[in-house]
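1. Fold the following, please.
(4 chains)
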4 protein chains.
Amino acid sequence: MEFAQGILDAQPFSRLLGARITAFGPDGATLELDVRDELHQQNGFVHGGVLSYAADNALTFAAGAALGPAVLTAGFSIQYVRPARGTLLRARASVVHAGRRQAVVRCDLSTVETADPTDPSASETLCAVAQGTVLSTAG
Amino acid sequence: MEFAQGILDAQPFSRLLGARITAFGPDGATLELDVRDELHQQNGFVHGGVLSYAADNALTFAAGAALGPAVLTAGFSIQYVRPARGTLLRARASVVHAGRRQAVVRCDLSTVETADPTDPSASETLCAVAQGTVLSTAG
Amino acid sequence: MEFAQGILDAQPFSRLLGARITAFGPDGATLELDVRDELHQQNGFVHGGVLSYAADNALTFAAGAALGPAVLTAGFSIQYVRPARGTLLRARASVVHAGRRQAVVRCDLSTVETADPTDPSASETLCAVAQGTVLSTAG
Amino acid sequence: MEFAQGILDAQPFSRLLGARITAFGPDGATLELDVRDELHQQNGFVHGGVLSYAADNALTFAAGAALGPAVLTAGFSIQYVRPARGTLLRARASVVHAGRRQAVVRCDLSTVETADPTDPSASETLCAVAQGTVLSTAG
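-> Model prediction:
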């Protein structure tokens, strides 16, 4: 997880958004960020572009856990479920299948309304789902 | 176009990224942003999350030009073509079809390497393509 | 389930492929078809177009269970996981969220190698995943 | 084009549907099929699964023209534009970019209402758009 957080910290855009890796292993990766006003759209919801950033990055990290660090995201699709509001955004990506050449990954994006983001009992509200393909570029 | 730029300016996240609308009409919308270091990933390319933000927003604005301002993006897919480098990112979205209930929109994402982003002769390099569905919420 | 099977039977293309509904309820729908040679591609695997047909239809039926029969599929994405081989293709679609205007649905596509497709212990092999948005056209 | 038609003819599912390749070259591929009643859904429109089949196959053939015959479609997304009716379905796929490892391809799906499908003046009605990523499996 420190390795993954190190790569995230090397991404200026992830630092700008304040993203952190809170889970990282063979089954997937979780990326979180605190929702501050700068991440909103005009109606006070989390901007769809923040959700798509989180999906893109969580998918890529989850695939990297399975394929190794040399990966390239081919693309993904995202469907928005409801307007996203809360104090925390969580993108939980799970590897559906990893082969030699590619990994297929799904991601659930949820918001949490909580003063304490580490509180495991804080309930999540699903705001979007994503899925994509990530390629291995190693050999 | 002023109306569209006004909505964009009301999005804190678009202000954080420095996006602007450079074309807006019945056929589509173009969104641009200057690429600064804060928008990069760890290898110095524009972060995929910036591209997906630009796709999401350009698709939504293009649909809004066709359907009216009360729209909700149902989702989109993005395929990355090559690593994105340059000084300007341009997302050009075109309405494929707009009905009463929904619009289908495509978007080309390109980077430009130029000291003068208004120079129309600066050549574009395609870095991603997207397509999505936007719903009308009016009535 | 009889209602859903009745709609399926009214689709000439579903009859051509031999599809049947084996589960239908508020949480989702399952569509199955026996894999015969006519459904293959040139290497003896189930054709990707059969998988995308099954995804499209299972997504639509699952959404119909949640939204009512007046639905229109806006679109979907499918990622192929591995070449599909077996005697039975199963598309299991689950409603992620259904609102007034749209439903977001996911689908797992698997093959089973079995002489008895009703044998619940026959193990499934995942061959593709899909997700999409279905619109309600009722009012 | 004969080579491509030969592969198509080796696909039992494409023979079942009656598909043919009408254009094939470095820029893309066009697949057509005559719409007969067996390809309809319950309201007399071309079944969405037929459109997704045509998109899947046209994308793959277009990528094969650019990458060589050893290809594997990673996935695609399709957005439906309007109900499809007509006597001919045409899927025209264009390679957006082809690299060493992958090709990104777009596809327009149209129907034509004509007694003579070779009549170039017969007007097309767009019914869906698709885009996807195809991998090279050669080396």
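
2. Residue numbers of chain A in contact with chain B?
-> Counting by C-beta under 8 Å from any C-beta of the partner chain, chain A comes close to chain B at A:7, A:10-17, A:37-42, A:47-50, A:52-57, A:60, A:72-80, A:128. Just so you know, the C-beta spots here come from the backbone N, C-alpha and C atoms, and that holds for glycine as well.

3. near chain D too, which of the residues you listed?
-> Answer for the residues of chain A next to chain B near chain D (C-beta under 8 Å from any C-beta): A:72, A:74-75, A:77.

4. average pLDDT for stretch A:123-132?
-> For stretch A:123-132, the mean per-residue pLDDT is 96.

5. no, scratch that, I was asking about stretch A:40-49
-> Rounded mean pLDDT across stretch A:40-49 is 97.

6. Could you tell me how far the residue nearest to the spatial centre of chain A is located from chain B?
-> Geometric centre of chain A, nearest residue: A:A58, 3.0 Å, by C-alpha atoms, centre = their mean. Look at A:A58 and chain B: by C-beta to the nearest C-beta, to the nearest Å, they are 10 Å apart.

7. any idea how far chain C is from that residue?
-> For A:A58, the distance to chain C - C-beta to the nearest C-beta - is 15 Å.

8. Show the contacting residues for that residue.
-> A:29-31, A:91-93, A:107 (C-beta atoms under 8 Å, 6 or more residues apart in numbering or on different chains).

9. What backbone torsions are found at it?
-> Main-chain dihedrals, A:A58, degrees, to the nearest 10: phi -70, psi -40.

10. and if you look at A:T111?
-> According to degrees, to the nearest 10, A:T111 has phi -110, psi 150.

11. Who does it form a beta bridge with?
-> Counting by DSSP bridges, A:T111 forms beta bridges with A:L89, A:T125.

12. now the strands: where do they sit in chain A?
-> Secondary structure of chain A, counting by DSSP state E: strands at A:19-25, A:28-34, A:71-80, A:88-98, A:102-112, A:124-136.

13. Return the most buried member of those.
-> strand A:71-80 (a mean of 26; mean count of other C-beta atoms under 10 Å in any protein chain shown).

14. one step back: next step: the residues of chain A next to chain B restricted to helices.
-> Secondary structure from DSSP state H places A:7, A:12-17, A:48-50, A:52-57, A:60 of the residues of chain A next to chain B in helices.

15. Please produce a ChimeraX select command covering the buried subset of those.
-> To isolate the buried members of those in ChimeraX, using 16 or more other C-beta atoms under 10 Å in any protein chain shown:
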select /A:7,12,13,14,16,17,48,49,50,52,53,54,55,56,57,60
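
16. what does chain A have sitting close to chain D?
-> So chain A meets chain D at A:72, A:74-75, A:77, A:101-102, A:104, A:133, A:135, A:137 (C-beta under 8 Å from any C-beta).

17. Just want the angle from the helix or strand bottoming out on mean pLDDT in chain A to strand A:19-25.
-> Lowest by mean pLDDT, DSSP states H and E among the helices and strands of chain A is helix A:2-9, with a mean of 91. Put simply, helix A:2-9 runs at 150 degrees to strand A:19-25, going by axes from the mean of the first three to the mean of the last three C-alpha atoms, to 10 degrees.

18. can you list contacts of helix A:2-9?
-> Applying C-beta under 8 Å, 6+ apart, the set of residues contacting helix A:2-9 is A:14-15, A:19-21, A:24, A:29, A:31, A:57, A:61, A:64-65, A:69, B:42.

19. Quick check: the farthest pair among these?
-> Pairwise distances across the contacts of helix A:2-9 (C-beta to C-beta) peak at 21.0 Å, for the pair A:R15 and A:A65.

20. follow-up on the earlier one: could I get the ones next to chain D among the residues of chain A next to chain B as TSV with pLDDT?
-> Formatted as TSV, these follow (pLDDT from 0 to 100):
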residue	pLDDT
A:L72	94
A:A74	97
A:G75	98
A:S77	98
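
21. So A:G44 is in contact with A:R85, correct?
-> Yes. Using C-beta atoms under 8 Å as the test, A:G44 is close enough to A:R85 to be in contact (7.1 Å).

22. ok, these two, which is more surrounded?
-> Neighbour count, other C-beta atoms under 10 Å in any protein chain shown: between A:G44 and A:R85, A:R85 has more, with 15 against 10.

23. what's the more buried one in contact with, if anything?
-> Counting by C-beta under 8 Å, 6+ apart, A:R85 touches A:44-46, A:111, A:113.

24. for A:L135, same thing?
-> Neighbours of A:L135 in contact, by C-beta under 8 Å, 6+ apart: A:71-74, A:101-102, D:101-102, D:135.

25. And A:G64, by the same measure?
-> A:G64 neighbours (C-beta under 8 Å, 6+ apart): A:4, A:7, A:29, A:71, A:134.

26. Please apply the same query to A:A128.
-> Contacts of A:A128 by C-beta under 8 Å, 6+ apart are A:51, A:55, A:78-81, A:84, A:109, B:75.

27. could those go into TSV alongside distance to A:A122?
-> Converted to TSV, the contacts of A:A128 look like this (distance: C-beta to C-beta, whole Å):
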residue	distance to A:A122
A:L51	19
A:A55	21
A:I78	24
A:Q79	24
A:Y80	22
A:V81	19
A:A84	15
A:L109	16
B:G75	26
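
28. Alright, calling it a day.
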